[in-house]
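Student: Okay, structure incoming, though there's no sequence with it:
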Ligand code: F7E
């Protein structure tokens, strides 16, 4: 039975990945923070149905010694590094912590694996934000990186580290360059979930409005379970390599609003308020990915349209809120 180690298991992607690996016969270990264990109802919600099947290790991946000890005891065959400060902010307040957690943790994992489990395959969760002010569209694996946010810079720095471990240390280290991907397990701070949870509140009479930033902003939105499947395909490919995972289709935040409110028969225009606090000034360039390489070499294609993803999210949010009433 192969052994996998996941960081970021409590998040959207980590929880779907844990399900996928368990279903495929893996022994699955995961690193979780003490704070998550102490606030299990809220912070382990995405994996509450899996906790009996998972082997959880309580530690912070910001601590090199903790990471080293866990790798020494698990000796994984595959390591999926999904944990990250993942909210894209253009404020300078949290620069140090974003840089630190996104770069250092990747380094601690790679260096420990190199010493203790050099056979282990390593997956790094790269992001379309690494393309930033992209120099071409749609972007593919040969597009030059030009990050515009500290998040993008931190991911790009860690990505270069991953490539270095592959090229200079011979490790099976690879990266998925993932575009936005959504599901009912998405964090509430991201725009799709912010919208679908607001629709649920409005529908059930708990709220009347939603405040957003730029509703003309466009994104290449896919379905999180598809993207997790891509991660596994990347890891099972013959050679370590990097892949763009995207749908190649753009939609605006306004499209998401329209789809989400339509599920409950409402017109978003009666409920939308603009709040400049959520407006990101530096978004002139729209990112759209070309997944041709993943299709050709991994047989991967996206399976869901945005309207179906949003429909599932709204219905789940209504059920969740309804159950609390
Ligand atoms: O923003 C616009 C906002 O926060 C999407 C992460 O997974 O994908 C994600 O990052 C768009 C942006 O995701 C609001 O300006 C308008 O254009 O859902 P988001 P993101 O920043 O694209 C990338 C690929 C990652 O790697 C990240 O980890 O929506 N927008 N009004 C708003 N966004 C938010 N959050 N809130 C608003 O009120």
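Tutor: Good, I have the coordinates. Only a predicted model underlies this, so the values are computations on that prediction, with no experimental measurement involved.

Student: Can you pull the residues of the stretch 101-250 of the chain lying near the ligand?
Tutor: Residues of the stretch 101-250 of the chain lying close to the ligand (CB under 6 Å from any ligand atom) are 127-129, 179-180, 189-191, 194, 212-214, 217, 219. Quick note: C-beta positions are derived from backbone N, CA and C, even for glycine.

Student: Any of the residues you listed buried? List them.
Tutor: 127, 128, 129, 179, 180, 191, 194, 212, 213, 214, 219 (16 or more other CB atoms under 10 Å).

Student: among the residues you listed, which are in helices?
Tutor: 191, 194 (DSSP state H).

Student: What's the local residue count around the residue nearest to residue 252 when sequence neighbours are not counted?
Tutor: Once flanking residues are discounted, residue 252 sits nearest to residue 218: 4.8 Å by CB to CB, 6 or more residues apart in numbering. Number of residues near residue 218 (other CB atoms under 10 Å) recorded here: 17.

Student: got it, and residue 23?
Tutor: Neighbourhood size, residue 23 [other CB under 10 Å]: 8.

Student: Kindly report the same for residue 215.
Tutor: 18.

Student: And for residue 29?
Tutor: Applying other CB under 10 Å, we find 21 other residues in the vicinity of residue 29.

Student: would you say it is within a strand?
Tutor: Yes. Looking at residue 29 with DSSP: H, G, I helix; E, B strand; the rest coil, it is inside a strand.

Student: Isn't it up against residue 7?
Tutor: No. Residue 29 sits out of contact with residue 7 when judged by CB atoms under 8 Å, with a separation of 10.1 Å.

Student: if we can go back for a sec, quick one: which two of the residues of the stretch 101-250 of the chain next to the ligand are the most distant?
Tutor: Longest distance between any two of those is 21.8 Å, between 127 and 212; criterion CB to CB.

Student: Distance of the closest residue to residue 314 other than its chain neighbours relative to residue 122?
Tutor: Closest residue to residue 314 apart from its sequence neighbours, by CB to CB, 6+ apart: residue 263 at 4.2 Å. Distance, residue 263 to residue 122, using CB to CB, to the nearest Å: 39 Å.

Student: Those two: who's more crowded?
Tutor: Neighbours were tallied for residue 263 and for residue 122 using other CB under 10 Å; the higher tally belongs to residue 122 (26 against 20).

Student: Once you drop chain neighbours, what's closest to that one?
Tutor: residue 173 (4.3 Å).

Student: and for stretch 118-127, what are the contacting residues?
Tutor: By CB atoms under 8 Å, 6 or more residues apart in numbering, the surrounding residues in contact with stretch 118-127 are 8, 13, 75-82, 84, 106, 109-110, 113, 151-152, 155, 158-159, 162, 165, 169-178, 231, 234-235, 240, 242.

Student: same check, this time on stretch 274-285
Tutor: Identification of contacts with stretch 274-285 by CB under 8 Å, 6+ apart yields 88, 90, 132-134, 137, 148-149, 211-214, 217.

Student: Same check on stretch 128-136?
Tutor: Contact partners of stretch 128-136, identified using CB under 8 Å, 6+ apart, comprise 88, 139, 143-149, 151-152, 155-156, 159, 177-180, 220, 246, 284-285, 287, 289.

Student: Restricted to strands, list the residues you listed.
Tutor: Secondary structure defined by DSSP state E assigns 177, 178 of the contacts of stretch 128-136 to strands.

Student: Drop anything exposed from the contacts of stretch 128-136.
Tutor: Buried subset of these (neighbour count, 16+ other CB under 10 Å): 88, 139, 143, 145, 147-149, 151-152, 155-156, 159, 177-180, 220, 246, 287, 289.

Student: Looking at the residues you listed, which are in helices?
Tutor: Using DSSP H, these in helices are 151, 152, 155, 156, 159.

Student: how about the helices of the protein, start to end?
Tutor: Ranges of helices in the chain, per DSSP H, are 12-23, 34-38, 40-43, 64-74, 95-99, 105-116, 150-169, 191-203, 224-236, 253-263, 292-298, 306-324.
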